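Undergrad: Predicted structure and sequence below. I'll ask about it afterward.
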2 protein chains.
Amino acid sequence: MSRTATSSARAPRADARRNRDHILDAAEQYFSKHGVGGSLDAIAKQAGVGAGTLYRHFPNREALLAALLAARDEALMSRRDELRTKAANAADALDGWLEALTEWAGAFDGLPDPLRAAAATSTSPLAVTCEGFITTTEEFLHAAQRDGSARKEIRARDLFLVALATSWVRGAALADGTSAAALAGITRNGWELNSSHTRGVSATPAD
Amino acid sequence: MSRTATSSARAPRADARRNRDHILDAAEQYFSKHGVGGSLDAIAKQAGVGAGTLYRHFPNREALLAALLAARDEALMSRRDELRTKAANAADALDGWLEALTEWAGAFDGLPDPLRAAAATSTSPLAVTCEGFITTTEEFLHAAQRDGSARKEIRARDLFLVALATSWVRGAALADGTSAAALAGITRNGWELNSSHTRGVSATPAD
DNA sequence: CGACTATACGGAGACACTCTCCGTTTTGTC
DNA sequence: GACAAAACGGAGAGTGTCTCCGTATAGTCG
C-alpha cells in the first residue's frame, strides 16, 4: 500500500533472509545424511539459529522440504525441455521423464513418503510442486498415446505415483542395484504398447 | 534339559500368555485405527498393562507387527493353495497371488514401510515372513515363465517389492479408487508377455 | 546521529513418545 | 504354606516437536 503495489508485504529484513539461507543449507546437509526424518531442532542448531527461528520460516517439515526442492525444480525443468526437443520419440521421452521424476523423488532418503501424502492432500506446500509435475507427465503421456506408443487407459496421475513408488522401493537400500533397472523395465512394459523392453537384465536375446 | 527336550524353555506362565493376548488385541485395534505408527504406550494402556510388559513381550514395533501378521499368514496361505488348484492358468495365478500380497500389505495403514525395510535387512522378525512370501511368488512366477506367459527377465523379489509398492500407493487415500485397479493393470502388463490388459478402466474396445 | 517501531531472534519449557530399570507381585511347585 | 522363578508396572531418562514471549536488531525518519 505504501511503496510497491506488486508485493503486498514489505521486503524481508536482511537478517531474516540470511538466517533462512543458513537453515536451508543446514537442512540440505542434514536431510542428505539422515533422510527427511532428521531432527529439525538439530538442523536449527547446525544453522546457528534457535528453534523458534526455524519454525517461523518453515512452519513444518513439509514447508522446509518444499523450499529445498524448489531449488531442484529448475534442473527437472531443464531435463523436461531437453526431452521435449532431443528425444527420439514420444515413448523414449515419457520414459526419460519418468526416470527423471524417479531420481528427483530420491533426492533424500524417505522423500517419497511426504510426496505421496502431498499428492493426495493438495493442501501442502509440496502439493503444488507435485501437481506441476503431474501436468508435465500428462503432456508426455498424451504425446505417446497420440502416436500409439502408450496404452490409452493409462492416466498421468497414476504414472506419477508409479515413479514415486519406484523411488520408494529403491530407497530400501537393496543389496544389488539391479532392482532399480528391473522396476523401470516393468514400469515401461506396463504403459507401453507393442514392445518388450528388457532393461537392466539382458534377457535371452532372440531366443 | 529337565523335562521336555523338544522346547528349550519351559511353558510360559498363565498371566504372561493372557497379557500377551490382550496386547495383541489392543494393537490390532490401535493399528487399524491409527496406522502402524500409533503410540505403543497407548496400546499398553489400552491393553491394561504397563509399558514394561509390552516391551518384554515385543521388544520393538516390528516384533509386535510380526506377531499381528502371523495371525493373517494363514489366510494368505490358503489363498495360495486356492490359486494353485483353481486358477485357470499360470498368469492368472500369479496375478491373483500378487493381488493377495498387495491386499495383505495393506492390512494396516503404513504397513508397507516396515515390510520394505524388513525385505532389505533380513534381520527382523518381519523378514522371515517376507522371505517366505517371496519364495511363493517365485513359485508362481516360475510357472508362468515356464509356460511362456511371463517375461523371462523378471525376478520374484522385484515382483514382491512391486506388490508392496502398489500397497504403498494405495495407502495414499486416493480420492478416486480407480488408481488401485490402474496400478494392478500396469503391473500385469509389466510382467506379462504378449497381452494387453486394461483392468479397471475399460479402454476403447477393439478400436 | 539518535530515537523509535516493526520485525525477527532465541531458547526455555510444555507435551508426546520410546524404551529401560528395578522394586514389587504373582505363579507354579514341592 | 513356603520358596524361587517368572512376570509385572510405572517412574524416569533420553529424544524430538513446536510454542510463547521477553529481548535484540534492522531500517526509517527527524
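TA: In hand now; what should we look at? Numbering: from 1, shown residues only, chains lettered A, B, ... in the order given.

Undergrad: And the nearest residue to A:Q46 once chain neighbours are set aside, how far from chain B?
TA: Leaving aside its sequence neighbours, A:Q46 sits nearest to A:A26 (C-beta to C-beta, 6 or more residues apart in numbering or on different chains; 4.2 Å). Quick note: C-beta positions are derived from backbone N, CA and C, even for glycine. Remark: distance between A:A26 and chain B (C-beta to the nearest C-beta, to the nearest Å) = 26 Å.

Undergrad: cool, A:L159 as well?
TA: 8 Å.

Undergrad: what residues are up against that residue?
TA: The neighbours of A:L159, taking C-beta atoms under 8 Å, 6 or more residues apart in numbering or on different chains as the test, are A:94, A:98, A:137, A:141, A:191.

Undergrad: Report pLDDT for it.
TA: For A:L159, the pLDDT comes out at 95.

Undergrad: Using the three-state scheme, assign it.
TA: Secondary structure, DSSP: H, G, I helix; E, B strand; the rest coil: A:L159 is helix.

Undergrad: Against DNA strand C, how distant is it?
TA: According to C-beta to the nearest atom of the strand, to the nearest Å, A:L159 and DNA strand C sit 35 Å apart.

Undergrad: Let me see the confidence value for the closest residue to A:T129 other than its chain neighbours.
TA: Nearest residue to A:T129, sequence neighbours excluded (C-beta to C-beta, 6+ apart): A:L69, at 6.1 Å. On pLDDT, A:L69 comes in at 96.

Undergrad: looking at it, A:L69 is touching A:V128, isn't it?
TA: No: using C-beta atoms under 8 Å, A:L69 is not in contact with A:V128, being 10.5 Å away.

Undergrad: Among these two, which residue is more densely surrounded?
TA: Set side by side, A:L69 and A:V128 show more neighbours around A:L69, with 21 against 12, by other C-beta atoms under 10 Å in any protein chain shown.

Undergrad: on contacts alone, who are the packing partners of the least confident helix or strand in chain A by mean pLDDT?
TA: Sorting the helices and strands of chain A by mean pLDDT, DSSP states H and E puts helix A:178-191 at the bottom, at a mean of 88. Under the contact definition 3 or more C-beta pairs under 8 Å, 6 or more residues apart in numbering or on different chains; DSSP states H and E, helix A:178-191 sits against helix A:90-104, helix A:156-170, helix B:156-170, helix B:178-191.

Undergrad: A:E192 and DNA strand C: what is the separation?
TA: In this view, A:E192 and DNA strand C are 43 Å apart by C-beta to the nearest atom of the strand.

Undergrad: give me the number of residues near that residue?
TA: By other C-beta under 10 Å, 20 other residues sit near A:E192.

Undergrad: For it, give me its contacts.
TA: With contact taken as C-beta under 8 Å, 6+ apart, A:E192 is in contact with A:91, A:149-151.

Undergrad: Which strand or helix spans A:A70?
TA: If you go by DSSP states H and E, A:A70 is part of helix A:61-86.

Undergrad: Show the pLDDT at A:R10.
TA: For A:R10, the model assigns a pLDDT of 80.

Undergrad: Doesn't it lie inside a helix?
TA: No: assignment of A:R10 by three-state DSSP gives coil, placing it outside any helix.

Undergrad: Count residues in the vicinity of it, would you?
TA: Burial of A:R10 is recorded as 10 neighbouring residues (other C-beta under 10 Å).

Undergrad: re earlier: is DNA strand C contacted by the helix holding A:A70?
TA: No: using C-beta under 7 Å from any atom of the strand, helix A:61-86 stays clear of DNA strand C, with a minimum separation of 14.0 Å.

Undergrad: buried sites along that helix?
TA: Buried residues in helix A:61-86, defined by neighbour count with 16 or more other C-beta atoms under 10 Å in any protein chain shown: A:61-62, A:64-69, A:76, A:79-80, A:83.

Undergrad: Any part of that helix near DNA strand D?
TA: Yes: using C-beta under 7 Å from any atom of the strand, helix A:61-86 comes into contact with DNA strand D via A:R61.

Undergrad: Show me what that helix is packed against.
TA: Contact here means 3+ C-beta pairs under 8 Å, 6+ apart; on that basis helix A:61-86 packs against helix A:14-34, helix A:40-47, helix A:90-104, helix A:112-121, helix A:125-146.

Undergrad: what about 6 Å?
TA: Helix A:61-86 sits against helix A:90-104, helix A:125-146, with contacts defined as 3 or more C-beta pairs under 6 Å, 6 or more residues apart in numbering or on different chains; DSSP states H and E.

Undergrad: Any idea which of those helices gets closest to DNA strand C?
TA: DNA strand C lies closest to helix A:125-146 among the helices and strands packed on helix A:61-86, at 18.3 Å (C-beta to the nearest atom of the strand).

Undergrad: From the structure, what's the count of residues near A:A16?
TA: By other C-beta under 10 Å, the residues close to A:A16 number 13.

Undergrad: meant to ask about A:D113, not that
TA: Applying other C-beta under 10 Å, I find that A:D113 has 20 neighbouring residues.

Undergrad: Only C-alpha atoms, please: export stretch A:117-131 in CSV.
TA: Taking C-alpha atoms only, stretch A:117-131 is exported to CSV below (Å, rounded to 0.1, in the frame of the first residue of the first chain):
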residue,chain,number,x,y,z
ALA,A,117,1.0,-37.6,1.0
ALA,A,118,1.2,-34.3,-0.7
ALA,A,119,-0.1,-35.7,-4.0
ALA,A,120,-3.2,-36.9,-2.1
THR,A,121,-4.0,-33.9,0.2
SER,A,122,-3.4,-30.9,-2.1
THR,A,123,-3.2,-28.7,1.0
SER,A,124,0.5,-28.8,1.4
PRO,A,125,3.4,-26.7,0.0
LEU,A,126,4.6,-29.9,-1.7
ALA,A,127,1.3,-30.4,-3.4
VAL,A,128,1.8,-27.5,-5.8
THR,A,129,5.1,-28.9,-7.0
CYS,A,130,3.6,-32.4,-7.4
GLU,A,131,0.6,-31.1,-9.4
